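Engineer: Could you work out the structure for the sequence below:
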Amino acid sequence: MNATTLPRMFTNRQDAGRQLAELLTKFSDEENLTLLALPRGGVPVAAEIAKTLEKPFDVLIVRKLGVPGHEEVAMGAIASGGVQVLSDDMISMLRLSRKEVDSIIERETLELERREKIYRGKRAAPSISGQTVIVIDDGIATGSTMSAAIELLRHQQARRIIVAVPVAPRETVDRLREEADEVVTVMEPESFVSVGKWYDDFSQTTDEEVRGLLEEIYPEKAAKPAVAASYVTAKNALHRVREYAQPLTGTEEDYDGLLEMIGDSSIVLLGEASHGTHEFYRQRAEITKRLIVEKGFNAVAAEADWPDAYRINRYVRGESSDIDSVEALSGFDRFPSWMWRNADVLDFIGWLKDHNEHVYSLEHQVGFYGLDLYSLHKSMNEVIAYLEKRDPEEAAKARALYGCMDRYGKDPQNYGLMAGSGVAEGCRAEVVQQLTDLRAKEIEYLARNGAAAADEFFFAEQNARLVKNAEQYYRKMYRSDVSSWNLRDEHMTETLVELVAHLQSQQGSAKVVVWAHNSHLGDARATQMGQRGELNIGQLARKAFPQQCKLIGFTTYTGTVTASSGWHLPAERKQVRPGLEGSYEHLFHQVGIPNFWIDLTQDNPAVDALKEPRLERAIGVVYLPETERRSHYFEAHLARQFDAVLHFDMTRAVEPLERSSVWSKDEAPETFPVGL
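Structural biologist: A predicted model of the protein is given here:
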């Protein structure tokens with residue numbers, strides 16, 4: 001039942017470039033040699049090759065002309081200097097009008113000119129006629145863009161064309177060898193999936209990185225940013241965001257564009273800027289419903305404890321004795337219970353149960369799962385309970401092994417304090433042994449009662465793995481480094497990977513919606529967190545499921561939120577301070593549209609503006625308005641952090657199922673001093 005770890009070949013694009021360069025040294029003495037990189041990903045690869053061959057390189061800015069409705073199919077291409085190549089036969093066969101073709105050319109020409117200005121400025125494009133050209137990218141999947149590049153280089157009378165990429169599928173390479181004079185690769189795997197699968201770090205190459213690498217070669221004629229210093233001003237960014245913001249008006253069509261952007265992605269991560277905002281929970285649920293109904297998603301995986309969420313899973317599948325959604329949610333009894341015991345989750349669980357009751361087969365039911373690791377003692381008890389029904393002797397062994405943890409009481413933080421500080425011996429060996437013992441019995445347990453046994457074993461195995469990881473987490477939580485945060489998010493990602501593997505083996509497919517805080521779902525590499533060495537689910541998911549996942553964040557400017565003033569203190573309905581000046585929240589408030597979303601996967605001025613670093617707010621289960629700047633803001637590059645962001649300007653607190661007197665009291669609007 002363990003998910004297989006995908007092999008990695010390259011650390012990053014620089015490493016890929018160095019390995020590829022070793023295969024290209026035979027061209028070092030070529031007199032009329034031109035190195036061209038396809039931006040953006042091909043540029044850092046080409047930079048390493050240029051160093052090895054001691055040759056300059058430039059960019060080949062080419063835009064494929066995609067067939068309307070099937071943009072992956074090329075009917076031609078355009079390049080710098082007005083070069084244009086069209087497939088008249090394909091245009092005729094598809095009966096495309098001149099107007100349709102011209103419209104596509106016009107659109108792609110605008111994008112080509114934009115990139116020309118960014119990457120090249122006033123510097124002339126290199127002359128290709130009579131040259132041996134090595135055209136470089138970071139990898140090839142279908143090869144359609146590379147085919148367009150080859151055709152353009154032929155049109156420009158290149159003497160010889162060599163395609164050089166670190167990785168590409170064998171069938172694509174075979175086809176390109178018929179089009180180019182030579183294709184050089186480091187590897188051509190039969191099981192390809194995607195380019196990103198073969199990189200440890202396949203984060204997006206930015207326009208700034210491209211310009212920086214070109215400036216090293218052409219310092220006097222280096223391309224200048226498309227917009228000068230005013231580019232980062234709030235006024236400039238505001239106009240751009242306002243132009244491309246897509247309003248959310250409460251209609252059924254609100255998320256049509258978002259679902260179109262999600263496309264065929266099988267992992268969709270939906271965030272939240274706080275753990276207590278009604279709009280985040282409600283809209284996240286609405287998007288999830290559409291993904292389930294319209295795109296066949298079959299699981300929701302939440303930042304929730306595994307055994308408590310699995311109780312929900314049994315309820316919505318009709319496999320539990322809980323009489324209603326309120327009872328099914330009663331497992332969430334630890335602080336902060338309002339995260340999942342609230343009105344919005346209650347409504348969604350009711351909808352999900354009703355949906356599952358009306359699908360035409362059990363295989364099409366949708367499950368609900370937890371990713372977190374705070375349920376150490378609950379998970380230990382679940383492992384023992386599973387074994388008692390199937391193998392009392394093994395249950396006794398498990399009880400003895402887990403007894404090591406019981407010596408420290410029911411609060412795992414006590415264990416963490418004593419074992420982590422070296423005051424007492426830890427229980428690492430015992431919890432690892434129990435997981436090993438359980439996995440050794442997998443075949444025996446699964447042979448007893450058919451398909452239902454697979455789900456129950458999966459539940460038990462994940463509990464045992466959780467205990468192993470939780471033991472390590474609590475042992476490290478009192479250290480001053482980031483190891484406990486990283487261990488927790490690595491556990492949650494590992495659980496996601498295991499869940500995907502389980503669903504694929506049992507149902508034949510896995511399409512999962514993930515619910516968690518923005519700080520877990522936005523790519524950490526684009527934030528201040530990443531600079532501290534922290535990683536998160538968003539970063540790890542982009543590596544584990546390259547080209548298959550979408551990261552979607554949420555923001556708000558002001559309103560109310562359900563949060564506590566300290567760990568284990570009562571839930572309060574707190575006023576949210578207006579977003580600080582210089583933050584994304586403040587910028588979005590100034591847009592003047594109450595609720596909107598922005599597609600961050602596009603190349604447009606708004607996305608460029610949102611690549612600039614700004615403050616971003618994160619409210620967890622504890623919210624301290626008096627220290628907000630220090631305790632709840634961090635620096636981020638939003639357009640690299642998420643694939644889309646949804647902004648709700650005025651929000652209200654999520655409603656707990658149990659409202660304390662502190663939460664229920666009337667909240668008078670507060671006046672907040674500036675600068676905190």
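Engineer: just for the stretch 301-450 of the chain, where's the confidence low?
Structural biologist: For the stretch 301-450 of the chain, the stretches with pLDDT under 70 are 420-424, 448-450.
Engineer: What ranges does it have for its helices?
Structural biologist: Counting by DSSP state H, counting those that start in this stretch, the stretch 301-450 of the chain has these helices, from start to end: 306-316, 325-328, 343-357, 376-390, 392-406, 412-420, 428-440, 442-446.
Engineer: Could you tell me which residues make contact with residue 664?
Structural biologist: residue 573 (C-beta atoms under 8 Å, 6 or more residues apart in numbering). No exception for glycine: its C-beta is placed from N, CA and C like everyone else's.
Engineer: one step back: to residue 625, which of the helices of the stretch 301-450 of the chain lies closest?
Structural biologist: Taking C-beta to C-beta, helix 343-357 is the member of the helices of the stretch 301-450 of the chain nearest to residue 625, at 23.2 Å.
Engineer: Run the angle between the closest one and helix 306-316 for me.
Structural biologist: Inter-element angle recorded for helix 343-357 and helix 306-316: 50 degrees (by axes from the mean of the first three to the mean of the last three C-alpha atoms, to 10 degrees).
Engineer: re earlier: determine which stretch of the helices of the stretch 301-450 of the chain is the most buried.
Structural biologist: helix 306-316 (a mean of 23; mean count of other C-beta atoms under 10 Å).
Engineer: So what touches that helix?
Structural biologist: Under the contact criterion C-beta under 8 Å, 6+ apart, helix 306-316 has outside partners 302, 320, 322, 325, 328-329, 331-332, 340, 349, 352-353, 356, 365-373, 375, 378-379, 382, 459, 462-463, 466, 495.
Engineer: Swap in 7 Å and give it another go.
Structural biologist: By C-beta atoms under 7 Å, 6 or more residues apart in numbering, the list of residues contacting helix 306-316 from outside reads 302, 320, 322, 328-329, 331-332, 349, 352-353, 356, 367-370, 375, 378-379, 382, 459, 462-463, 466.
Engineer: what do you get for stretch 477-496?
Structural biologist: Under the criterion C-beta under 7 Å, 6+ apart, residues 301, 371-373, 416-417, 420-421, 462, 469, 472-473, 476, 512, 514, 520, 532-537, 540-541, 544 lie in contact with stretch 477-496.
Engineer: By neighbour count, sort out the buried ones in those residues.
Structural biologist: Buried subset of the contacts of stretch 477-496 (neighbour count, 16 or more other C-beta atoms under 10 Å): 301, 371-373, 416-417, 420, 462, 469, 472-473, 476, 512, 514, 520, 534-537, 540-541, 544.
Engineer: before we move on, the earlier item: show me the contacts of stretch 477-496 that map onto strands.
Structural biologist: 301, 371, 372, 512, 514 (DSSP state E).
Engineer: Against residue 349, how distant is residue 55?
Structural biologist: Look at residue 55 and residue 349: by C-beta to C-beta, to the nearest Å, they are 62 Å apart.
Engineer: Likewise for residue 241?
Structural biologist: For residue 241, the distance to residue 349 equals 35 Å [C-beta to C-beta].
Engineer: Equivalent analysis for residue 579, please.
Structural biologist: For residue 579, the distance to residue 349 equals 32 Å [C-beta to C-beta].
Engineer: now swap in residue 313 and tell me
Structural biologist: In this view, residue 313 and residue 349 are 10 Å apart by C-beta to C-beta.
Engineer: Report the distance from stretch 151-170 to the chain centre.
Structural biologist: Relative to the mean C-alpha coordinate of its chain, stretch 151-170 is positioned 32 Å out (C-alpha atoms, centre = their mean, to the nearest Å).
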